[in-house]
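Chemist: return a 3D structure for these sequence lines:
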Amino acid sequence: MKIWQVKDRILSLVRKYKTNVDFFAIRLERSQGADIFLRSGKVETLSTGISIGGQVRACHKGGWGFASFNDLSSLEGKLQEAIAAAKWVGNEETVLAAVEPVQAKVSLIKEDLDRIALVDKKNLCAHYTDILRSVSDRIFSTAVRYGDCTQQVIFANTEGTIIEQEWADWEMRCSATARNEEIVQTGRETFGSRRSYTDLMNLDRQVIGAAQRAVTALDLPTVQGNTYTVVIDPILAGLFVHEAFGHLSEADMLYENPDMLETMSIGRKFGSADLQIFDGAATADHRGSYLYDDEGVPATTTQLIEDGVLVGRLHSRETAGKLGEKVTGNARCLDYHYPPIVRMTNTWIGRGQTSVADLFNDIPVGVYAKNWQGGMTNGEMFTFTAGEAWMIRNGKIAEPVKDVTLAGNVFETLEDIEAIGDDFLWDESGGCGKGGQSGLAVGCGSPSLRIRNAIVGGESHG
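Modeler: Numbers count the residues shown, from 1 in each chain. The predicted structure is shown next:
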């Protein structure tokens, strides 16, 4: 059953109950996808599934009620529950930024997922597993995970918006772990696409690279912990702008935290005049791209930092209303089980003017870090682990090192960006987590960056 078939029923419920509360929205979805997981060549997961469900959000006197369900026949009852909950908790004023009502039907699907048989997807995973294992006999475990999903959504609210949209997403994660006695090292690569399954094919070179990094790292010296000038590649820089800065731009984290709102005050200088940072779903064909968010707001591109100065932030209708700012179309939910919250889409640093080779000039001793293994943030503090790294000596890339972690304060680090490369690369591997909603597809992009006074963890001098 296509969820479009319940459109008339949704509209009749909107008409029936729209005067009961200040506002409500109904969102129904149908998701279909595959999940495959091979651990060291053995199939642990091989499944396909279809999920149909929905959610209702109601707002009355500033109070929100929410209900989700996977039986469409219970829609009216769940709508009544959400309305009752909103009335129970509401005691202020409903403040939602104004949005022009939209009537639209759009599709971002460029390839039918059913075109590829499940066995072919499994065989691709097995092929990448074989590649990982073939690199060295010191590879003792591998993991390859494939996932795809198509989602059809119909959204309607009491203001006259009715939107039908659909999209597709593909992801492949490959990792290899190497061991030499007590030393263990892992290399990984993740690929994602909103365009086509074929984007996950013919990735042998990158998959081999993941296994080779794991094996090579077994024999590398550990970097000496210190403060260095570092050069980071676009992949690691994209992770940095998403994790360390992007989350601080999400306005729901700000209006609930007056201290952070003051820190992230519009007009504050955060970096050099060369620094430009953006977020937006309107940039097409990336994993955070869409035409309308989960509140029915059209996608935009929002400049967050212009010439080193904070000029914007990311909003839902409620945060835009409460802060008196423009909506940005950044309210997203992972699926119908969760209410939409303020989330990044595609986040990037604008291209600079320094050639990549010149980023290394005049660095007597530094570190060049590429790719990422993982990371974490806590407010304005961050720690990221590089996928591979080299020392920089006298302006040249020198010997490789391992266990390079970069740590610091995001505001200090933005100020310490000395130069921005003239290269640029999108990373479509991101799965973002926030508020219990993990794995939301996002895109990250950046040029290479040169950063002074970076804290690099490794072996201590002691």
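
Chemist: isn't residue 403 right next to residue 223, touching?
Modeler: Yes. Shown here, residue 403 and residue 223 form a contact pair, counting by C-beta atoms under 8 Å, at 6.3 Å. Every residue, glycine included, has its C-beta placed from N, CA and C.

Chemist: which one of these two is surrounded by more residues?
Modeler: When neighbours are counted by other C-beta atoms under 10 Å, residue 403 and residue 223 differ, and residue 223 comes out ahead with 23 against 19.

Chemist: residue 367 is in contact with that one, correct?
Modeler: Yes. In terms of C-beta under 8 Å, residue 223 counts as a neighbour of residue 367; the distance is 6.6 Å.

Chemist: any shared contact partners between the two?
Modeler: Shared contacts of residue 223 and residue 367, defined by C-beta atoms under 8 Å, 6 or more residues apart in numbering, are found at 389, 391, 401, 404, 456.

Chemist: got TSV for those residues, with secondary structure too?
Modeler: Shown next, in TSV, are the shared contacts of residue 223 and residue 367 (DSSP: H, G, I helix; E, B strand; the rest coil):
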residue	secondary structure
389	strand
391	strand
401	strand
404	coil
456	strand
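
Chemist: sec struct for residue 275, please.
Modeler: Per three-state DSSP, the secondary structure class of residue 275 is coil.

Chemist: what's the closest non-adjacent residue to it?
Modeler: Nearest residue to residue 275, sequence neighbours excluded (C-beta to C-beta, 6 or more residues apart in numbering): residue 308, at 4.7 Å.

Chemist: tell me the contacts of residue 250?
Modeler: Here residue 250 is in contact with 313-314, 330, 342-344, 434 (criterion: C-beta under 8 Å, 6+ apart).

Chemist: send the alpha carbons of the lengthiest helix in the chain over as CSV?
Modeler: Using DSSP state H, we find that the single longest helix of the chain is helix 118-134. The C-alpha coordinates for helix 118-134 follow below in CSV (Å, rounded to 0.1, in the frame of the first residue of the first chain):
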residue,chain,number,x,y,z
LEU,A,118,19.5,-9.0,-2.3
VAL,A,119,22.0,-11.7,-3.3
ASP,A,120,23.9,-9.2,-5.4
LYS,A,121,24.1,-6.8,-2.5
LYS,A,122,25.4,-9.7,-0.3
ASN,A,123,27.9,-10.7,-2.9
LEU,A,124,29.3,-7.1,-3.0
CYS,A,125,29.8,-7.3,0.7
ALA,A,126,31.5,-10.7,0.3
HIS,A,127,33.7,-9.2,-2.4
TYR,A,128,34.9,-6.3,-0.1
THR,A,129,35.4,-8.9,2.7
ASP,A,130,37.7,-10.9,0.5
ILE,A,131,39.6,-7.8,-0.4
LEU,A,132,40.1,-6.8,3.2
ARG,A,133,41.3,-10.3,4.2
SER,A,134,43.6,-10.6,1.2
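
Chemist: residues contacting that helix, please?
Modeler: Contacts with helix 118-134, where a contact means C-beta under 8 Å, 6+ apart, come from 34, 36, 38, 40-41, 43, 46, 48, 139, 142, 144-146, 148, 172, 174-176, 197, 200-201, 203-204, 207-208, 210-211.

Chemist: of these, buried ones?
Modeler: Burial by neighbour count, 16 or more other C-beta atoms under 10 Å: within the contacts of helix 118-134 this picks out 34, 36, 38, 40, 46, 139, 142, 144-146, 148, 172, 174-176, 197, 200, 203, 207-208, 210-211.

Chemist: quick one on the thing from earlier: so which of the contacts of helix 118-134 belong to helices?
Modeler: 204, 207-208, 210-211.

Chemist: any stretches of this protein with poor pLDDT?
Modeler: Counting by pLDDT under 70, the chain shows low-confidence ranges at 1-4, 458-462.

Chemist: please, where are all the helices along it?
Modeler: Shown for the chain, the helices assigned by DSSP H span residues 7-17, 75-89, 118-134, 204-217, 234-240, 252-255, 258-263, 317-323, 410-415.
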